[in-house]
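1. Below is the sequence, then the predicted model.
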Amino acid sequence: MSSSRHHDRHTHHSGIRLFKRRPVGPEQEDSLERGAVNHNVDGPQSPPLQEATSQDEKLPTHNNEGQRVNAQGHRVSRGIQPDGESGRRWFHPWHFLRICFRSSSTASKYTNFLWPFTIAAMILFYADVGSSEWREGRRHLWIFITSYIGMVPAANLVGFAGQELARKIPKVIGVILETTFGSIVEIILFMVLITGPQSNVPIIRAAILGSILANLLFCLGLCFFVGGIFWPQQTFHEAISEVGSNLMLVAAVGLVIPTVYYNSLAGGRLTQTAAETESLRISRGAAIILLVAFLVYVWFQSRSHHGLYEDILEADEERDHDRHKDLQKPKLTFTEAVVAVAIALTFVSFMAVFLVKEIEYMVGERHISDAFLGLILVPIVEKAAEHLTAIDEAYDNQMNFALSHVLGASIQTALLNTPLVVLVGWGLGRDMSLNFELFDAVVLILAIIVVGNFLRDEKSDYLEGALCVFVYILIAVSAWYYPDPENSTGTASAEQSGSNSTLAVPAAGGTLAAGKVTITFEDDGKSPSISELSTYTVQLMVGGNTDSNSLPLTTIVTNGEWSSSLTISGTVTAGLAGNTANGFYFKITSVATAGGTYISYSDRFTMSGMTGTTPAEYTSAVTSLGGATAGPAAVNQIAAAPAAAITGDPYTIPYYLQTGLMKFAPMQPVPPTAITAKTYTPLYPTSAYSLATTYLPLPSITTTQTQAQTFSVSSIENTIAALPAPTADGSDNAGGTNSKKEKRAADPPVEPDPKKRHLANFLARWKD
């Protein structure tokens with residue numbers, strides 16, 4: 001590894017220039033040889049360093065005509081920093097390619113040999129090459145591999161071009177620009193992931209912590225190890241290590257608080273849904289606070305305490321014995337820097353999109369867990385350029401610069417990139433909470449504690465570096481075997497009404513990733529129960545809600561056997577159809593033990609990662625639904641059970657000896673004429689009952705036909721007519737014919753009532 005590199009090391013990772021540069025001439029090289037460096041003295045107090053800096057001239061210098069010139073003798077243009085003056089104008093292709101290829105260091109230059117992988121990734125993604133079998137299988141794997149490797153040179157060009165461009169513009173704007181370019185690769189990758197399906201959120205969470213772990217353990221460990229191989233013991237200033245480690249500890253607390261909140265309350269004092277909602281709100285509030293903390297950190301380093309860092313890093317810079325060669329390297333013009341930035345960002349964006357699209361394939365088909373993908377694979381490639389720069393600085397015994405890159409990168413991820421992706425997810429309606437897996441959160445805290453202990457004594461050696469790398473390898477092995485979190489890779493729990501089971505499929509309107517599909521069935525308490533079913537077949541459908549406008553795409557399972565709780569898995573090939581929004585659903589055809597079938601359907605969802613084409617007639621059928629997410633209605637075609645065969649009088653057979661769905665009971669007794677109210681409980685319950693708070697087993701429903709009651713009625717009728725009322729004169733006043741009077745003559749005489757007679761006589765006299 002060579003110490004020849006561009007002066008990107010003169011800039012803190014956050015993009016803030018912290019000191020002024022002084023050139024070192026060839027005559028001063030002897031005093032700065034590695035053997036002359038005092039490893040036990042921090043920077044400015046080292047005698048060789050003081051001797052070197054005392055002879056330096058400050059930049060910029062002036063020529064005989066009084067014009068400002070840089071180390072190369074080029075006149076410095078107005079508004080351009082001296083170390084950014086190229087001495088040329090416009091665009092020169094040959095100079096452009098040569099300068100970009102040389103990059104900022106020898107290690108970074110070697111990454112440019114990986115550009116063929118970048119081109120190969122674009123060809124594989126857009127060109128229709130190979131057989132159909134190859135396209136459906138190995139093509140996805142090779143796209144992931146080539147885009148993964150191709151990200152490294154593109155990210156390296158972003159860093160180099162960003163530094164060149166920042167030196168062509170006023171310093172304040174350049175500081176902001178360099179800060180942005182320091183994290184642009186990670187930001188682009190996060191933005192591509194968050195704009196994808198909700199299933200990408202666990203990968204983003206893992207990538208956030210993975211980026212921090214890769215910097216703190218892997219990169220810092222390699223810096224300690226490589227530097228310790230060539231230098232017995234290396235030292236660094238406490239201002240760099242203390243501020244960096246303290247900031248990381250505070251940032252880690254802000255990141256894991258939503259996780260602690262959720263794991264403390266979910267399923268206990270709060271329901272899981274309520275805990276997730278509150279955790280999301282806490283995450284959004286934490287994102288705003290972390291952004292404010294980042295702004296305070298930037299102001300602290302660039303304004304209020306910049307003098308402290310200038311002195312530290314000036315002395316560290318003088319340890320590079322060939323720095324004058326770096327200052328004399330040719331520079332890009334402003335136009336060339338803009339073109340380089342545009343090219344680099346274009347390729348980084350393409351590689352990020354390719355990687356994200358193939359993540360679903362790698363998780364589903366290659367069975368790489370989300371934890372390993374996010375914690376290990378993604379962070380290593382997105383920070384490759386920064387890692388090379390930091391290791392090269394440690395090789396040159398510039399540990400303060402190396403720590404600035406390592407700790408600065410981790411601080412940016414925690415305080416800038418993470419809040420940005422949370423707030424963007426908020427705007428897009430994504431549930432981008434900081435509710436990390438408990439494993440990830442604990443590993444982060446442990447890593448910060450380990451690194452903090454190694455930085456405490458302000459010294460490093462290769463043993464400490466090796467231990468950091470070993471810890472990182474242990475985490476990588478654990479992440480490889482760590483299972484995917486629940487409701488990831490496109491699966492989520494959702495109950496299907498009207499079905500005989502609960503299916504682990506996306507909620508209505510959700511997204512399912514192409515590749516491996518997992519479905520879980522549980523009895524939901526509705527008829528028919530799973531115990532009444534024998535086998536099942538699961539198909540993936542696309543189109544409308546009828547057989548005429550829907551198309552079976554693939555069969556997930558054929559003739560599976562039902563049980564009380566069942567989980568199945570299958571594969572959905574990406575080329576079966578296009579990404580039709582809410583156009584997909586599962587069709588489950590079950591065979592009943594009594595005969596016949598029961599057909600149930602899941603809610604509608606979207607398949608992401610589909611590369612085929614959906615026929616127009618089925619796309620139109622989906623469009624005609626107007627965005628509805630409910631699947632077709634269930635179809636019950638189970639055969640009715642035959643009635644029980646009864647011989648003789650069915651009402652004479654004891655009830656408990658009868659079989660079948662129809663039973664007969666003897667005559668019920670006549671109820672009493674009066675009922676005395678006692679308590680408010682069911683009167684005359686036909687069976688035992690209990691109050692259910694959860695699903696109970698399906699009841700065995702039978703019908704009882706009771707024999708009709710028989711009874712007899714008797715009555716007595718008086719057929720003799722009633723006698724007429726007597727009159728006042730003793731006659732019967734019945735009127736009528738003589739025959740009637742003669743008929744009544746045989747009756748005994750009736751004596752009139754004396755009181756009525758006197759009353760009648762009184763009324764007659766009063767009338768007269």
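-> On my side now, so go ahead.

2. could you pull out the helices for the stretch 251-400 of the chain?
-> Under the criterion DSSP state H, counting those that start in this stretch, helices of the stretch 251-400 of the chain are mapped to 272-299, 306-317, 323-327, 334-364, 370-372, 378-382, 384-395, 399-412.

3. Under the pLDDT cut-off, which ranges of the stretch 501-650 of the chain? List them.
-> Applying pLDDT under 70 to the stretch 501-650 of the chain flags residues 501-508, 516, 520-526, 563-567, 639-648.

4. G560: which of the helices of the stretch 251-400 of the chain is closest?
-> Checking the helices of the stretch 251-400 of the chain against G560 by C-beta to C-beta gives helix 334-364 as the closest, at 20.0 Å. In short, each C-beta sits where N, CA and C put it, glycine included.

5. returning to what we had before: okay, the helices of the stretch 251-400 of the chain in JSON lines with mean neighbour count next?
-> Below are the helices of the stretch 251-400 of the chain laid out as JSON lines (neighbours: other C-beta atoms under 10 Å):
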{"stretch": "helix 272-299", "mean neighbour count": "17"}
{"stretch": "helix 306-317", "mean neighbour count": "20"}
{"stretch": "helix 323-327", "mean neighbour count": "21"}
{"stretch": "helix 334-364", "mean neighbour count": "21"}
{"stretch": "helix 370-372", "mean neighbour count": "26"}
{"stretch": "helix 378-382", "mean neighbour count": "24"}
{"stretch": "helix 384-395", "mean neighbour count": "26"}
{"stretch": "helix 399-412", "mean neighbour count": "28"}
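
6. Dump those helices into JSON lines; add distance to H95 and mean pLDDT as well.
-> Output for those, formatted as JSON lines (distance: least, C-beta to C-beta, whole Å; pLDDT from 0 to 100):
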{"stretch": "helix 272-299", "distance to H95": "34", "mean pLDDT": "89"}
{"stretch": "helix 306-317", "distance to H95": "27", "mean pLDDT": "62"}
{"stretch": "helix 323-327", "distance to H95": "18", "mean pLDDT": "61"}
{"stretch": "helix 334-364", "distance to H95": "7", "mean pLDDT": "84"}
{"stretch": "helix 370-372", "distance to H95": "43", "mean pLDDT": "80"}
{"stretch": "helix 378-382", "distance to H95": "29", "mean pLDDT": "83"}
{"stretch": "helix 384-395", "distance to H95": "22", "mean pLDDT": "80"}
{"stretch": "helix 399-412", "distance to H95": "28", "mean pLDDT": "83"}
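
7. Switch the ones you listed over to CSV; also include distance to F113.
-> What follows is these, written out as CSV (distance: least, C-beta to C-beta, whole Å):
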stretch, distance to F113
helix 272-299, 35
helix 306-317, 29
helix 323-327, 21
helix 334-364, 15
helix 370-372, 27
helix 378-382, 16
helix 384-395, 13
helix 399-412, 23
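
8. where in the stretch 151-300 of the chain is pLDDT low?
-> The low-confidence ranges in the stretch 151-300 of the chain, as defined by pLDDT under 70, are 169-180, 182, 267.

9. what about the strands in it?
-> Applying DSSP state E, counting those that start in this stretch to the stretch 151-300 of the chain gives strands spanning 234-235.

10. tally of neighbours for the nearest residue to R205 once chain neighbours are set aside?
-> Spatial nearest neighbour of R205, excluding adjacent residues (C-beta to C-beta, 6 or more residues apart in numbering): F436 at 5.2 Å. Other residues within reach of F436, judged by other C-beta atoms under 10 Å, total 24.

11. go on, the one 4 residues further on?
-> D440: 25 surrounding residues under other C-beta under 10 Å.

12. just H367 next, same as before
-> Counted with other C-beta under 10 Å, H367 comes out at 10.

13. how much space between it and F144?
-> 14 Å (C-beta to C-beta, to the nearest Å).

14. now do T652
-> Per C-beta to C-beta, T652 is found 78 Å from F144.

15. Looks to me like the residue nearest to R205 is in a strand.
-> No - assigned with DSSP: H, G, I helix; E, B strand; the rest coil, F436 falls outside any strand and is coil.

16. distance of it from L220?
-> 22 Å.

17. returning to that earlier point: quick one, phi psi at the residue nearest to R205?
-> When read as degrees, to the nearest 10, the backbone of F436 gives phi -70, psi 160.

18. can I assume V572 is in contact with M607?
-> Yes - using C-beta atoms under 8 Å, V572 makes contact with M607 at a distance of 6.8 Å.

19. So between these two, which is more surrounded?
-> M607 (28 against 22).

20. which residue packs closest to that one, ignoring adjacent ones?
-> The shortest distance from M607 to any residue other than its chain neighbours is 5.0 Å, reached at F584 (C-beta to C-beta, 6+ apart).

21. Please name the bridge partners of the one you found.
-> Listed beta-bridge partners, F584: V542, F605 (assigned using DSSP bridges).

22. burial count for it?
-> With neighbours defined by other C-beta under 10 Å, the count for F584 comes to 28.

23. follow-up on the earlier one: please name whichever of the helices of the stretch 251-400 of the chain is nearest to V152.
-> Nearest to V152, of all the helices of the stretch 251-400 of the chain, is helix 384-395, at 4.5 Å by C-beta to C-beta.

24. residues touching the residue nearest to S211 when sequence neighbours are not counted, list them.
-> Of all residues not flanking S211 in the chain, P379 sits nearest, at 4.2 Å (C-beta to C-beta, 6+ apart). Going by C-beta atoms under 8 Å, 6 or more residues apart in numbering, P379 touches 207, 210-211, 213-214.

25. Against W142, how distant is P379?
-> Look at P379 and W142: by C-beta to C-beta, they are 22 Å apart.

26. mind giving me the domain ranges of this structure?
-> 7-481, 494-638 (automatic domain parsing).

27. so which of the ones you listed is the most packed in?
-> With neighbours defined as mean count of other C-beta atoms under 10 Å, these peak in mean count at domain 7-481, which reaches a mean of 20.

28. mind showing which ranges of the stretch 1-150 of the chain have poor pLDDT?
-> In the stretch 1-150 of the chain, residues with pLDDT under 70: 1-89, 103-105, 128-137.

29. Quick check on F113: phi, psi?
-> Here is the backbone geometry of F113 (degrees, to the nearest 10): phi -70, psi -10.

30. That should have said L533, apologies.
-> Backbone torsions for L533, taken as degrees, to the nearest 10, come to phi -110, psi 150.

31. Spatially, which residue comes closest to it, not counting chain neighbours?
-> Closest to L533 by C-beta to C-beta, 6+ apart is S590, at 4.3 Å.

32. Would you mind giving both backbone torsions of the one you found?
-> In terms of degrees, to the nearest 10, the main-chain angles of S590 are phi -110, psi 140.

33. now it: how far from V557?
-> From S590 to V557 the distance is 11 Å (C-beta to C-beta).

34. Please enumerate the shared neighbours of these two.
-> Here S590 and V557 have Y536 as joint contacts, going by C-beta under 8 Å, 6+ apart.

35. Could you give the average pLDDT over stretch 414-428?
-> Here stretch 414-428 scores 91 as its mean pLDDT.

36. Only the C-alpha atoms, please, for it, written as PDB.
-> C-alpha atoms of stretch 414-428 as PDB (Å, rounded to 0.1, in the frame of the first residue of the first chain):
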ATOM      1  CA  ALA A 414     -26.600   8.100  13.300                       C
ATOM      2  CA  LEU A 415     -27.300  11.900  13.400                       C
ATOM      3  CA  LEU A 416     -28.000  12.700   9.700                       C
ATOM      4  CA  ASN A 417     -28.800   9.800   7.500                       C
ATOM      5  CA  THR A 418     -31.000   7.900   9.900                       C
ATOM      6  CA  PRO A 419     -33.200  11.000  10.700                       C
ATOM      7  CA  LEU A 420     -33.500  11.800   7.000                       C
ATOM      8  CA  VAL A 421     -34.800   8.300   6.100                       C
ATOM      9  CA  VAL A 422     -37.300   8.400   9.000                       C
ATOM     10  CA  LEU A 423     -38.600  11.800   7.900                       C
ATOM     11  CA  VAL A 424     -38.800  10.800   4.200                       C
ATOM     12  CA  GLY A 425     -40.600   7.600   5.200                       C
ATOM     13  CA  TRP A 426     -43.000   9.800   7.200                       C
ATOM     14  CA  GLY A 427     -43.800  11.900   4.100                       C
ATOM     15  CA  LEU A 428     -44.300   8.800   2.000                       C
END
